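**Q** Need coordinates for the below:
(chains A and B)
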Amino acid sequence: MKFKLDERGFVLAEFAIALPLLILLLYALGTVTVSGLKIAREQVADYALETEAQYVIDRITTEARAAHTVKIKNSDSANADEIFFVYHTFSDTLEGNHPMNWAKDILDQRRYTVHSPTSTVSTKRFSQVYAERKEDDQLTNPITGDISFGQTTVGELKFDKEKLRSKILHIKFKLRRADLKQTVEFNTAVYMPDCKKIIYHGETILDEE
Amino acid sequence: MLNNQRGFMLLSVIFLTLVVSFGAQILLNANVKVQQRNSTLYLTAINLANEQFAEIESYAAAGKNPETGFMGNPADLESLNGVKEDSVPVKFEVETSYENPGENLIKAKVKVKWTIGGRENSIVSEKIIRAR
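**A** Numbering: from 1, shown residues only, chains lettered A, B, ... in the order given. Sure, this is the predicted structure:
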């Protein structure tokens, strides 16, 4: 009985120390958790940014590889060119008995341009890449800009004139997060073996037709 | 003696658990951040290798012998991907070796190297190209 009385005072003292310590530690844990979540969000936004940039590069290089005609001119946005391809692709004919004979080589076309539409939710205007099948002024198919973790904006989309003389399409593509916290720049090139005609800002670089 | 220590055991456990979890969380975040940056540099390196392949194909189509050094735009060998724009850019090196696996064919092997945080990274990419 005497032993228990001694212990009761000690538990109160311990509680007096433990409570502020626990509050302090919980506050620190909350701060670190919020900071961790913020870093995780930044990482996902960076990942989405680089994925989007690489997607644009992949689409342009795939069609350039099969290009028959390439036309490059200014887009609506400063620091960005517009590129138009007529390229080889395949279509089903369903003629003949063997599936190998069902595909036939056809030509299709695509235009990649950069435009800064007026946002419905912000006063700022962000440059986006559009992939259009027609060579007109309609812009209906954005392939950058609308990621869940923040808007992106095109910093630069340029094609090297001198490399085009060797049928090489050199691409410089810079994409930024709209909050400007991160930028990715990818430079690459693709050889266009079947290209017959290249027009660069009105100048005919190649004409083998 | 044991009775006196009972309360402090609980405190110790709370304290240690929280301290260890803070440390683990901070280290984990820092590590992921470094890996995220390096993944962007990997993509940059792959694009550089593709640029080299484009040059090799162009040379081969023109009937010229391609070079072993980087034949693309020299400015592309430096990248600020994953760092702030006023930071020191990461420098890439591109080496190419060639084999002749058959008539009119060139097997090009492109190695792109870069160093970040004192650690050397590299990718190797191969492509068989038809010579003229």
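**Q** In this structure A:Glu132 contacts A:Ile143, no?
**A** No: in this structure, A:Glu132 is not within contact of A:Ile143 by C-beta atoms under 8 Å, at 10.2 Å. Where C-beta positions appear, they are placed from N, C-alpha and C, glycine not excepted.
**Q** what secondary structure does A:Ala53 sit in?
**A** Put simply, A:Ala53 is helix when judged by DSSP: H, G, I helix; E, B strand; the rest coil.
**Q** Distance of it relative to chain B?
**A** With distances defined as C-beta to the nearest C-beta, to the nearest Å, the gap from A:Ala53 to chain B amounts to 8 Å.
**Q** which SSE is the closest residue to A:Leu22 other than its chain neighbours in?
**A** In space, not counting the residues next to it along the chain, A:Leu22 is nearest to B:Ile14; the distance is 6.7 Å by C-beta to C-beta, 6 or more residues apart in numbering or on different chains. Mapping B:Ile14 onto the secondary structure by DSSP states H and E places it in helix B:2-61.
**Q** what lines up beside the next helix or strand after that helix in the sheet?
**A** Downstream of helix B:2-61, the next assigned helix or strand under DSSP H and E is strand B:78-79. Based on DSSP bridges, the strands next to strand B:78-79 in the sheet, each with its direction, are strand B:90-99 (antiparallel).
**Q** For the following helix or strand past the strand it pairs with, buried residues please.
**A** Sequence-wise, the next helix or strand beyond strand B:90-99 is strand B:105-116, with elements assigned using DSSP H and E. In terms of neighbour count (16 or more other C-beta atoms under 10 Å in any protein chain shown), strand B:105-116 has its buried residues at B:Ile106, B:Ala108, B:Val110, B:Lys111, B:Val112, B:Trp114.
**Q** likewise stretch B:81-95?
**A** Applying a neighbour-count criterion of 16+ other C-beta under 10 Å, one finds B:Asn81, B:Gly82, B:Val83, B:Val90, B:Phe92, B:Val94 buried in stretch B:81-95.
**Q** what two of the residues you listed are the furthest from one another?
**A** When these are compared pair by pair using C-beta to C-beta, the farthest-apart members prove to be B:Val83 and B:Val94, with a separation of 20.3 Å.
**Q** Just list the residues touching the most centrally placed residue in chain B, thanks.
**A** Taking C-alpha atoms, centre = their mean, the centroid of chain B lies closest to B:Tyr42, which sits 3.6 Å from it. Each residue near B:Tyr42 by C-beta atoms under 8 Å, 6 or more residues apart in numbering or on different chains is listed here: B:Asn121, B:Ile123.
**Q** Same question for A:Ile143.
**A** In this structure, A:Ile143 makes contact with A:Tyr55, A:Val56, A:Arg59, A:Gln128, A:Val129, A:Tyr130, A:Ala131, judged by C-beta under 8 Å, 6+ apart.
**Q** Which of these fall in helices?
**A** A:Tyr55, A:Val56, A:Arg59 (DSSP state H).
**Q** So which of these wins on neighbours?
**A** Ranked by neighbour count under the definition other C-beta atoms under 10 Å in any protein chain shown, these are headed by A:Val56 with 20 neighbours.
**Q** Could you measure from that one over to chain B?
**A** Applying C-beta to the nearest C-beta to A:Val56 and chain B gives a distance of 12 Å.
**Q** which residues touch that residue?
**A** With contacts taken as C-beta under 8 Å, 6+ apart, A:Val56 has the following neighbours: A:Tyr112, A:Val129, A:Ile143, A:Thr144, A:Phe173, A:Leu175.
**Q** how about a cut-off of 7 Å?
**A** By C-beta atoms under 7 Å, 6 or more residues apart in numbering or on different chains, the residues touching A:Val56 are A:Val129, A:Ile143, A:Thr144, A:Phe173.
**Q** hang on, B:Ser79 packs against B:Val88?
**A** No: judged on C-beta atoms under 7 Å, B:Ser79 makes no contact with B:Val88 at a distance of 11.0 Å.
**Q** re the thing from before, name the nearest of the ones in helices among the contacts of A:Ile143 relative to A:Leu21.
**A** Minimum separation from A:Leu21 among the ones in helices among the contacts of A:Ile143 (C-beta to C-beta) is found for A:Tyr55, which lies at 50.5 Å.
**Q** Just grab the bridge partners of the closest residue to B:Ala75 other than its chain neighbours for me.
**A** Closest residue to B:Ala75 in three dimensions, ignoring its sequence neighbours and counting by C-beta to C-beta, 6+ apart: A:Asn187, at 7.8 Å. Beta-bridge partners of A:Asn187, counted by DSSP bridges, are A:Lys172.
**Q** so how many other residues sit close to the residue nearest to B:Glu57 when sequence neighbours are not counted?
**A** The shortest distance from B:Glu57 to any residue that is not its chain neighbour, by C-beta to C-beta, 6+ apart, is 3.9 Å, and that residue is A:Tyr191. In terms of burial, A:Tyr191 registers 25 neighbours under the definition other C-beta under 10 Å.
**Q** How about A:Lys124?
**A** 11.
**Q** B:Arg130 now?
**A** Applying other C-beta under 10 Å, I find that B:Arg130 has 12 neighbouring residues.
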